[in-house]
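Participant: predicted coordinates and the sequence they were generated for:
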Amino acid sequence: MANSWKEWEKPVLDLEEGVSKLKALADKETDAIKREALETRIEEFEKRIENFLEVRYSRLGPWEQVLLARADPRPYTLDYIQTLFTDFTELDGDRRYGADHAIVAGPARFNGQSVIIVGHQKGRNIQERAQRNFAMAKPEGYRKAIRMFEMAERFRMPVITFIDTPAADPGVESESRGISEAIAASMLKMFELTVPIVSVVIGEGGSGGAIGIAIANRVLMQEHSVYSVIPPEGCAAILWRDPAKKAQAAAALKLTSDSALELGLVEQVLKEPFGGAHRNPAEAAQIVRDAITTHLTELQKLTGEQLRQHRYDRFRAFGHVLGP
Amino acid sequence: MANSWKEWEKPVLDLEEGVSKLKALADKETDAIKREALETRIEEFEKRIENFLEVRYSRLGPWEQVLLARADPRPYTLDYIQTLFTDFTELDGDRRYGADHAIVAGPARFNGQSVIIVGHQKGRNIQERAQRNFAMAKPEGYRKAIRMFEMAERFRMPVITFIDTPAADPGVESESRGISEAIAASMLKMFELTVPIVSVVIGEGGSGGAIGIAIANRVLMQEHSVYSVIPPEGCAAILWRDPAKKAQAAAALKLTSDSALELGLVEQVLKEPFGGAHRNPAEAAQIVRDAITTHLTELQKLTGEQLRQHRYDRFRAFGHVLGP
Amino acid sequence: MPLRKAQAPNPNFIQCKGCKKTLFVADFEANLRVCPNCDHHHRLTWQQRVEVTFDINSFTELDADLYSGDPLQFPEYEEKYLQAQTKSGMKDSLVTGTGTIDGQLISAAIADFHFMGGSMGSVNGEKVARALERGVELQCPVVIFCASGGARMQEGLLSLMQMAKTTAAVDKCRQNGIPYIAVFTDPTMAGVLASYASIADVILAEPKALIGFAGARVSAQAQVLKIPDDFQTAEFVLRSGMLDRIVHRKEMKATLGNLCSILGHRLTAGAKS
Amino acid sequence: MPLRKAQAPNPNFIQCKGCKKTLFVADFEANLRVCPNCDHHHRLTWQQRVEVTFDINSFTELDADLYSGDPLQFPEYEEKYLQAQTKSGMKDSLVTGTGTIDGQLISAAIADFHFMGGSMGSVNGEKVARALERGVELQCPVVIFCASGGARMQEGLLSLMQMAKTTAAVDKCRQNGIPYIAVFTDPTMAGVLASYASIADVILAEPKALIGFAGARVSAQAQVLKIPDDFQTAEFVLRSGMLDRIVHRKEMKATLGNLCSILGHRLTAGAKS
Ligand SMILES: [Zn+2]
Ligand SMILES: [Zn+2]
C-alpha cells in the first residue's frame, strides 16, 4: 500500500526527467533531421506521460485519493487567492485571544466584485507548517472566521471559503479555550448570513475542522480532494484497533469527491488536470474560477432571506433516515 | 484627612455601644421608674445618633463620599439580588476563555417579571476578594456580560445592571486578552439592545470598568456612590505628581451623585438611610426597588426601536461643547 | 424517587464506579444513582433520565420509529446496529419527546450512551433537529441531555453533516426566541460537543462529566504541555468559561424548571399546562 | 511626499527618537518621518497625517471651531487648554473632515497627540461621533487615526461619557453598513482604546505603536507576572488577536484606499468622485 503520492507518480517523474534530457539534446542539435527525430521522441514521451496519468489517476483508490489530497505540492488556499482574486488584504485576529495562521481571511475582489475569503492554509516548508500548525486551526482561527462572516453580512459581500485541513487543533490549549464552541459558533454564524456562501474543498476536508467553515449554499469538491468525518487512520485505530487498515477505512468511509457527490452532499466535483491540480495549477484554478462564478451568479438571484433559508434546507435534508 | 469611613463614623459607633449597654441595663432593671429613666436616656442617645448621622452625612466632602462608596459593609450586588429579585440563577462563562467572578450575572424575576441581571461583585472577606479580584473584571467578565445581554435580547427580558467596581482589571493577562475590546464591545452590545436597560451605581463607578456595563436608558446613583473617569488617587498622581492630593482630586473630579445629577449624566439619585445603605440595608433596598420599578414601568411603554434610539440619544447628548 | 433496578450479580448490591465501594442498590437508586459515599454521578439510561427529570407520567416519546439505513454499507455496521437495538430496546442512540417540568411543557432530547456510545449518525441528528424545531412549533423551551462519544463513523460524511444540521436547528430556535438548554452528562464529546451542544443558551453539566473535543489521549499526544489533573472534566470546562453551572443531579430538575420558566416567559406554552 | 519642516536647533538635522542617529531633515521628511536607519515611525501632527494619507488638497476640515467650556471648572484646566491651543494652533486634540484617498470620499478623524496628549474630552468625543455619523450621512467609509493617552481627566465624568457616545456612533455605522477603519498610531491608550478604537471593522496600526488599556507601570504593579519585552506594542497586540495588520506608513494610504473601496462597494459615495 502506498504511503505517499510520490510512489505512484514515480514513473511520471522518470519520464519527465527523460523529456527534459531529450529537450536539452534537441536544443543543442544542429542537424535538422536528427533534431526532428528527437522532437518526435519527446512527443512520444509526453504522450506516454499523459496516458499514464490519465489511466493511473482514473483508477485511484480511496486511500490514494487521501494521499493525493494531502500531497505537498497541491495548490493551497493562498495560491487560489493569488490566482483567482485581486486586491486581497489579509486581516487577522479574533479580538479575543490571539492570531491564528492556520486560517487565512480577508476581503478581496472576485471578478471585480467585493467578497470575503476564509480558508485553511497549509505550510510549504517546515517553518511555515509550524507557524500554520499544519492548517489545524485553534479556537482563534474559527473566531477570526466568525468576525469575517459578520463583516461579510454587514457589507453585503458574498463569502467564499476554501477547505483544506486535517482537523481542528486537538491540543490542551484549544480545549481550554473552547475549540468545540468555536467550531459550533462558526457554523451557527454561517447559517445566519443572508449573503451567498460558496465553499470549495481543495484538499483535506477533515471532520469538524472542515465543516466549521463549510456551511455554504454550494459546496464544491476538487476531484482529488477528500471530505471525511474522521481520518482513515483514526477510524482504523478505533474500529479495528489497527491503524494500518487505513486503506480499508478510507474505502469504507466513502470520503472521495465522487462518493460525496453520490451521497448528495456536494453540488459539484471540479475536474483537475491529469495527475492532480499541482501538475497544472493554472488550469486547476481556471476550473475553480468558472465553478465559483457559475454558482455565485445563480445564488445572487436569491434574496438574503432565501439564501439563509436555502442554506437551512440544504443541510436540514442531509441524513439517511428510515422509518414511518 | 480621613482614610476610612470608620474614622468619622466612630462617634456613632461609640454612641451605639452606649445604647446597647443602656439597653442591657434596662432589661435587667426591675424598678419601673429607673427603667423609664434609662429608656429616656436610650431615646436621647438614639436621637443623637440620628442627628449626628443626618448632620455629618449631609456635609460629607467628595473624598469622604469616595471612602463611603468604597466602605466594606455597604450592600453589594448579590445583596441587592437577594433582596430585590426572586429565582435568580447565576450563569457563568464567556464561552471563550474563562469564568470571571468579578461580575455576576443571570436571569431572575423582578416583581414577577423575567429580567437579566449583570453586576460587579466585591468580596466580603479576603478569600472572596481575591476570588472576585476586588470586583475588577477581566475580559471574560465583560464577555460574559455580552452573552447575557444577547440572551436578554433574544428572550425580550429587561436588563438591570449594578455598578460597583474600582476599575477594570489592568493586568498583563487582561491586556493580552483584550480588556479594551471587551469593554468597548460590551458597550456596543448594550447600544444594540431593544429591551429596557436600567443601571444602578451602588458603590464605586470606576471609569471604563464601570461604564462597560452601564449603557442604560436610565442610570441611577445611590446617594453615597461615586462615578468617576479616574480614581482620585490616580488623578492626583498624574496631575500633581502627589497621590496625597486625592481629596483635592476628588473635589475637582465632581464624582459625587449630586454632581452627576447636576451634570445631567444620571436620571436620579437614590436616597440612602442616614449613615449609608449599610446602616439599614432593607430600607436602602426598598428605595432601589421603588426606583427600578418606576423607571422600568416608564421604559416599557416604549417600543424596542424607541428604546434603542432613546439610549443613543441619551449618550449622544453628553458633553460640554462650545462653538458655532 | 426510586429508579428501575440495575442488573448485577447480586441484585441487592452494586459497586460504585467512582470510589469502588459496595452500595445497597436501594439506597443507590433512591439517591438517583449518585453514590452516597463519593457523589459519583453514574450514567443513566434514557428512561432513568426521564424519571429523574420530568413530572411523573408526563413524558411522551416521539419519532420513536426512526432508524438508520446503513447508507455507506459500512463493514459490520448493520450487525452492530442490530445488536445495539436488541440490547437496549432503542432504535438509535437518542430519544425525543415532550414532557413537563413543574407543569411546564418542554421539548426534549435525551441521548443514551449505552447505544453505540451515544454516537451521532443520521437518526441522532435528525431527532435532535426535530426536538429543536418542535420547540418552535409548540412554542416551548427545549432541553437536550447530551451523552456521546462523537459522530458515528459508520455513516461517514453523513454523520459529519449532522453537526451542521443540528446547528441549523439551533439557529431556528434562536430566530424564534425559543430557549434551549443543554445538559452535558458523562461523556459529551467531539462532534456533539462541537455542534448543537456548545451553542445552547444555557449549558449545565453533571459533576465530573467528561467533556471534550478530542480524546484525552489524542490531546496528550498532540502536545507536551502539562495537562491539568481535571482536564476535560466538567470542573475544568466550567473554569474555561464554557459552562454556566455544574448542577447536582438532585438539583437538576428544579434548575431546569426555573430557567425554562424565566427564559420562556413569553411563550404561549410557557405557562403551566 | 515631503512634509513640513520640524523645528530643531539646526534646522537641517534631527535626532531619531528610536536609534538616536542624526538624520538629514530632508531625508527624514521625504521618508514620511520614518527613520531610514531603524524604521522608527515618529509621531505626526494632524497636518502631516493629512499630507501622507489623503489625495493632495482633498482634505477639508469640518467642525473646526468646537472647543471645550471647562464644565467642571477644573483647577488649571483653562490655562492648560489655552496654552495647548496657542502652541498647536488647534482648538482641541482631534481634527475631523472629509478627504479622498485615490479619489474615494472618506470621512476622517485625526487625533493629534501634541494637543494635551490627544486626550478625549467632550470635544474630542463629539468630533469622533460626528465623523462616524458623517459616514452615514455621506454614505462613505470612515477612517479614524487614533492617538491618545486616554480620557481627559479635567472634564471628569463627561469625558468618561465620551466612551459611550463614540461607541454609540460606531453602532450607527454598523447599523447602516458603513465601513469604519481605525488606525492605531503611537500611542493609543485607555479610554480611546476601550471605546470606539477597538470596535472598528478593521484595525490597522503603525509599527511599534504603544497600545494599551492601562499605563505599563500600572500593569507592572498590578501583578508579578513576567511581562513580554514588547508588551503593549503593536506587535504584541497583533499577536493577541486585537489588530488586523501592522502597516508601514509608506503602505498606509494604499491599504486604506483598497480596504475602503472593497468594503464600501455598495456606498453611493464609494465610487471615485
Ligand atoms: Zn462512590
Ligand atoms: Zn532611527
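Facilitator: Here it is on my side, so go on. Numbers count the residues shown, from 1 in each chain, chains lettered A, B, ... in the order given. Ligands and ions are numbered 1, 2, ... in the order given.

Participant: report whether the helix ranked longest in chain C contacts chain A.
Facilitator: Longest helix in chain C by number of residues (criterion: DSSP state H): helix C:156-175. Yes. Contact between helix C:156-175 and chain A, assessed by Cβ under 8 Å from any Cβ of the partner chain, occurs at C:156-165, C:167-172, C:174. Where you see a C-beta, it was placed from the backbone N, CA and C, and this is true even at glycine.

Participant: run through the residues that contact the most centrally placed residue in chain A.
Facilitator: Residue closest to the average C-alpha location in chain A (Cα atoms, centre = their mean): A:I202, at 1.4 Å. A:I202 is in contact with A:74-77, A:80, A:119, A:162-164, A:222, A:225, A:277, A:288, counting by Cβ atoms under 8 Å, 6 or more residues apart in numbering or on different chains.

Participant: try 7 Å this time
Facilitator: A:77, A:80, A:162-164, A:222, A:225 (Cβ atoms under 7 Å, 6 or more residues apart in numbering or on different chains).

Participant: excluding its backbone neighbours, what's nearest the residue of the stretch 151-300 of chain A found nearest chain C?
Facilitator: In the stretch 151-300 of chain A, the residue that lies nearest chain C is A:P170 (3.4 Å; Cβ to the nearest Cβ). Closest residue to A:P170 apart from its sequence neighbours, by Cβ to Cβ, 6 or more residues apart in numbering or on different chains: C:A214 at 3.4 Å.

Participant: pull the number of nearby residues for the one you found.
Facilitator: Look at C:A214: counted by other Cβ atoms under 10 Å in any protein chain shown, it has 27 neighbours.

Participant: quickly note the distance from it to D:I203.
Facilitator: Between C:A214 and D:I203 the distance is 32 Å, computed by Cβ to Cβ, to the nearest Å.

Participant: equivalent analysis for A:E46, please.
Facilitator: 52 Å.

Participant: between the two, which is the more surrounded one?
Facilitator: Between A:E46 and D:I203, D:I203 has the larger neighbour count (other Cβ under 10 Å), namely 27 against 14.

Participant: which residues touch the more buried one?
Facilitator: D:I203 neighbours (Cβ under 7 Å, 6+ apart): D:182, D:184, D:243-244.

Participant: my guess is it is in a strand, correct?
Facilitator: Yes. Applying DSSP: H, G, I helix; E, B strand; the rest coil, one finds D:I203 inside a strand.

Participant: distance check, it against D:F236.
Facilitator: Look at D:I203 and D:F236: by Cβ to Cβ, they are 14 Å apart.

Participant: my guess is C:K91 contacts C:Y67. True?
Facilitator: Yes. Taking contacts as Cβ atoms under 7 Å, C:K91 lies within contact range of C:Y67: 4.7 Å.

Participant: and these two? Which one has more around it.
Facilitator: C:K91 (21 against 18).

Participant: count of residues packed around A:D242?
Facilitator: Using other Cβ under 10 Å, A:D242 has 11 other residues around it.

Participant: show me the contacts for the nearest residue to it once chain neighbours are set aside.
Facilitator: Excluding the flanking residues, the one nearest A:D242 by Cβ to Cβ, 6+ apart is A:A236, at 5.7 Å. Listed by Cβ under 7 Å, 6+ apart, the contact partners of A:A236 are A:242-243, A:245-246, A:248-249.

Participant: any idea how far A:A236 is from C:G118?
Facilitator: A:A236 sits 22 Å away from C:G118, taking Cβ to Cβ as the criterion.

Participant: pull out the buried residues from the strand or helix carrying A:L22.
Facilitator: Using DSSP states H and E, A:L22 sits within helix A:5-28. Buried residues in helix A:5-28, defined by neighbour count with 16 or more other Cβ atoms under 10 Å in any protein chain shown: A:5, A:8-9, A:12, A:15, A:19, A:22, A:26.

Participant: chain D: which of those is nearest?
Facilitator: The nearest member of these to chain D, counting by Cβ to the nearest Cβ, is A:W5 at 35.5 Å.

Participant: no more questions from me, cheers.
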